[in-house]
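Asker: my questions concern the predicted model and sequence given below.
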Amino acid sequence: MKKSNYLIILSFIIIQTAFAQPPEVLSIRNYANQNAGKLIAEYSSFLSLPNLAADPVNLKKNTVFIMNMMKKRGIKNVQILEANSKDTPPAVYGEVIVPGATQTLIFYAHYDGQPVNPTQWAKGLEAFKPVLFSKALHQGGTVIPFPADGKYEPEWRIYARSASDDKAGVAAILNAYDAIVKSGLKPGSNLKFFFEGEEEAGSTHLNEILENHKSLLKSDLWVICDGPVHQSGKKQVVFGVRGDTHLDLTVYASKRPLHSGQYGNWAPNPAMMLARLLATMKDDSGKVTIQGFYDDVTALSAAERKAMGEVPSVDEQMKNELGISTVEMPGMNLSEAINLPSLNINGIQSGNVGKMATNQIPTTATAVIDLRLVLGNDWKRQQQKVIDHIKAQGYYVTNKEPLDEERKNYGKIIKVISYDGYNAQRTTMDLPIVQKLIAAIKTTGIEQLVLQPTMGGSLPLYLFEKLLKAKTITIPIVNHDNTSMQKMKIFGLAISLME
Ligand SMILES: [Zn+2]
């Protein structure tokens, strides 16, 4: 838990006042400080509930918990929103109708979390037993007791599954509303709250939920509270997300493993073939060499380019933190790089290494390719470009294990499995409602607000646009290292951050 302005920012988005240093900021900050003990205790109970999308019994406990949080805060029309498909994780909904309000904001977060592998969890800790640390674990933090006096230090962190991604979003949104009400203030817009339960499992049924409840979910803007703040530690507003899709590529060689002494130099080696194939996909400057790979990209507007130019540079800081001395595309900074479609190898497998290594020529080699998309790309078209490129390298492409007949006829055989994906989404920066929110955030006194045309990560935000014709902006609220810690599973932990 790192003390910062998030509760205040969210509160101000809700109130949307535009005074310099308004007294409201002070009331909300006081509320957060005075109630930290109570809020963290509630949050801790929330984090104790296992929240894997595939675990309906525990997921239900989460929905009940959230509904109670809402009712306790006076939020109305609290209910579960179901998809058509049976036994799928529901969303939790609630609303506050403000007399005289002319616009509606809807706040999104997700309450489900990534699967837990206990062997990858930090020693002595458990995913669903929240603990307080003196600072981040990777900075040498140690376990400390939750303070009896409710006074929390800025660098203290709570560790538990979803403490950052994204139960922090749920708690911060509801607490922001509570802070406003308890401070005697009044929201400036109608408010709706939508908490998804299947985001980490790919939001497979989100489309059904949105379609089933179209009129209930009508709004002027979705405010998405997910993802980490900027690496500089500064708050940011993000206007879009990258799309995402995957391909599994398996190159086939002999039907059984061969002795490298008996057959080396003679039998084809699938790992070498795959390595060669992958190497044809990018040049030394990191540019993808697949034909037409960058062709569909929608150019950034002047406002977006200007905002991007003002994003604080974190390249040197990140290189240091990550122990790397070069970047893949020299001359291009992180912000520019994530505004291009990417082709990344998630993993490669063939034969064995280390203690399991043998003198063999393996039978297959597999790589998982991750394609991130930007506005203008279509995930199916982007996959097809990769497949066409593979064919152009002389490969016979199949989607099944090759038959003997195929093995006889083709020297280079590859199985390509295409996974469903989704497209990128980007909201224009100059929408009046968005400008109003940016002004509201700025009144909370932060020195620089980073405006990012797109974030590196992916969320299915295109669905909101496609099904509800709705605009979205993302206000990430958790520590920037959340991603590296959680997704790379180094510690398998998430960091909480809420005031
Ligand atoms: Zn998330």
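Answerer: On my side now, so go ahead. Just so you know, these numbers come straight off a predicted model, no measurement behind them. Numbers count the residues shown, from 1 in each chain.

Asker: per-residue pLDDT, the residue in the stretch 201-350 of the chain that the ion sits nearest to?
Answerer: Nearest to the ion in the stretch 201-350 of the chain, going by C-beta to the ion, is Asp226, at a distance of 4.1 Å. Where you see a C-beta, it was placed from the backbone N, CA and C, and this is true even at glycine. pLDDT, Asp226: 88.

Asker: tell me which element it falls in.
Answerer: Asp226 is part of no helix or strand when elements are defined by DSSP states H and E.

Asker: what residue, apart from its backbone neighbours, is nearest it spatially?
Answerer: Once flanking residues are discounted, Asp226 sits nearest to Asp166: 4.9 Å by C-beta to C-beta, 6 or more residues apart in numbering.

Asker: give me every residue that touches the residue of the stretch 201-350 of the chain closest to the ion.
Answerer: 108-110, 165-166, 169, 199, 459, 474, 476 (C-beta atoms under 8 Å, 6 or more residues apart in numbering).

Asker: same question, Thr142
Answerer: Applying C-beta under 8 Å, 6+ apart, the residues near Thr142 are 133-134.

Asker: and it, how far is that from the ion?
Answerer: According to C-beta to the ion, to the nearest Å, Thr142 and the ion sit 27 Å apart.

Asker: distance of that residue relative to Ala275?
Answerer: Distance of Thr142 to Ala275, computed by C-beta to C-beta, to the nearest Å: 44 Å.

Asker: what's the closest non-adjacent residue to the residue in the stretch 351-499 of the chain that the ion sits nearest to?
Answerer: Among all residues of the stretch 351-499 of the chain, Leu459 sits closest to the ion, at 7.3 Å; criterion: C-beta to the ion. Among residues not flanking Leu459 along the chain, Val241 sits closest, at 4.7 Å (C-beta to C-beta, 6+ apart).

Asker: next, count neighbours for that neighbour.
Answerer: Close neighbours of Val241, defined as other C-beta atoms under 10 Å, add up to 29.

Asker: before we move on, what about Asp149?
Answerer: Using other C-beta under 10 Å, Asp149 has 7 other residues around it.

Asker: number the chain from 47, please
Answerer: From this message on, residue numbering opens at 47, which makes the last subject Asp195.

Asker: how about the contacts made by it?
Answerer: Gly83.

Asker: longest strand of this structure, counting residues only.
Answerer: strand 286-298 (DSSP state E).

Asker: and the next element down the chain from it?
Answerer: Next along the chain after strand 286-298, taking DSSP H and E as the criterion, comes strand 304-305.

Asker: which residues sit against that following strand?
Answerer: So strand 304-305 is contacted by 313, 405-407 (C-beta under 8 Å, 6+ apart).

Asker: tell me the average confidence for the top helix by length along the chain?
Answerer: As assigned by DSSP state H, the longest helix anywhere in the chain is helix 69-93. Over the span of helix 69-93, the pLDDT mean works out to 88.

Asker: for that helix, buried residues please.
Answerer: Neighbour-count burial for helix 69-93 flags 70-71, 73-75, 77-78, 81-82, 85-86, 88-90, 92-93 (criterion: 16 or more other C-beta atoms under 10 Å).

Asker: and it, what other elements does it pack with?
Answerer: helix 52-61, helix 102-118, strand 203-205, helix 213-228 (3 or more C-beta pairs under 8 Å, 6 or more residues apart in numbering; DSSP states H and E).
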